Structures are given as structure tokens and as C-alpha cells.
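In: Return atomic coordinates for the entry below.
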Amino acid sequence: MCVYKIQGLYAVGVYMQVLIVQFGSLAFSTAPLTIDQWLWCVLFGVGDLIWGQVSCDATTTNPS
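Out: Numbering: from 1, shown residues only. As a prediction, this is how the structure comes out:
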């Protein structure tokens with residue numbers, strides 16, 4: 001049950017970021033991104049998550 005709450009919080013965070021970037025121009029001084037810019041953001045974000053997992057796994061010692 002707790003996992004679903006955490007996933008829900010992440011989803012709300014992503015949703016709010018999209019709304020702020022796309023529609024918060026006056027309040028937050030942002031400009032809407034094109035689909036290409038959104039895809040690059042997603043690519044870099046996913047790449048960072050993968051790299052973080054790889055580096056974490058590489059530095060974990062095997063106790064056996």
C-alpha cells in the first residue's frame with residue numbers, strides 16, 4: 001500500500017512540473033517546451049536513473 005502512495009506522489013510531482021512548464025508562463029517565468037524538448041528531458045531523466053542504478057550496483061560489495 002505504501003508503494004502506491006509513493007508512486008502517486010511521484011506522479012503528482014511530474015504532473016505539476018508539466019503544468020508549470022507548459023502553462024505557468026506569467027507566474028513562473030517559463031516558456032512552453034516543444035515535443036522535441038520534452039523528449040530530450042525524458043531521455044536525460046531516464047538515462048540518469050539508469051546510470052544511478054548502474055553506479056550503485058557497481059559499488060555494492062558482495063558479502064559472499
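
In: Now do the spatially most central residue of the chain against residue 60, distance only.
Out: Centroid-nearest residue in the chain, with C-alpha atoms, centre = their mean: residue 45, separated by 5.4 Å. Applying C-beta to C-beta, to the nearest Å, the value for residue 45 to residue 60 is 23 Å. C-betas here are computed from N, CA, C, even on glycine.

In: Also residue 17?
Out: Taken as C-beta to C-beta, the span from residue 17 to residue 60 is 31 Å.

In: So for the two, which residue has more residues nearby?
Out: Higher neighbour count among residue 17 and residue 60: residue 17, with 12 against 8, using other C-beta atoms under 10 Å.

In: For the chain, which segments count as strands?
Out: Along the chain, no segments are classed as strands by DSSP state E.

In: Identify the single longest helix in it, thanks.
Out: helix 35-59 (DSSP state H).

In: pLDDT averaged over that one - what is it?
Out: The average of the pLDDT scores along helix 35-59 is 90.

In: Not counting its own residues, what contacts it?
Out: Helix 35-59 is touched from outside by residue 33, with contacts defined as C-beta atoms under 8 Å, 6 or more residues apart in numbering.

In: buried stuff in it?
Out: Within helix 35-59, no residue is scored as buried using 16 or more other C-beta atoms under 10 Å.

In: Then stretch 13-29?
Out: residue 21.

In: For it, C-alpha coordinates in CSV please.
Out: Extracted C-alpha coordinates of stretch 13-29, given in CSV (Å, rounded to 0.1, in the frame of the first residue of the first chain):
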residue,chain,number,x,y,z
GLY,A,13,5.1,15.8,-8.9
VAL,A,14,5.6,15.0,-12.6
TYR,A,15,2.1,16.3,-13.5
MET,A,16,2.7,19.6,-11.6
GLN,A,17,6.0,20.1,-13.3
VAL,A,18,4.4,19.7,-16.7
LEU,A,19,1.6,22.1,-15.8
ILE,A,20,4.1,24.7,-14.5
VAL,A,21,6.3,24.5,-17.6
GLN,A,22,3.6,24.4,-20.1
PHE,A,23,1.1,26.8,-18.6
GLY,A,24,2.9,28.8,-15.9
SER,A,25,4.5,31.4,-18.1
LEU,A,26,3.4,34.5,-16.3
ALA,A,27,3.5,33.2,-12.7
PHE,A,28,6.8,31.2,-13.0
SER,A,29,8.5,32.9,-16.0
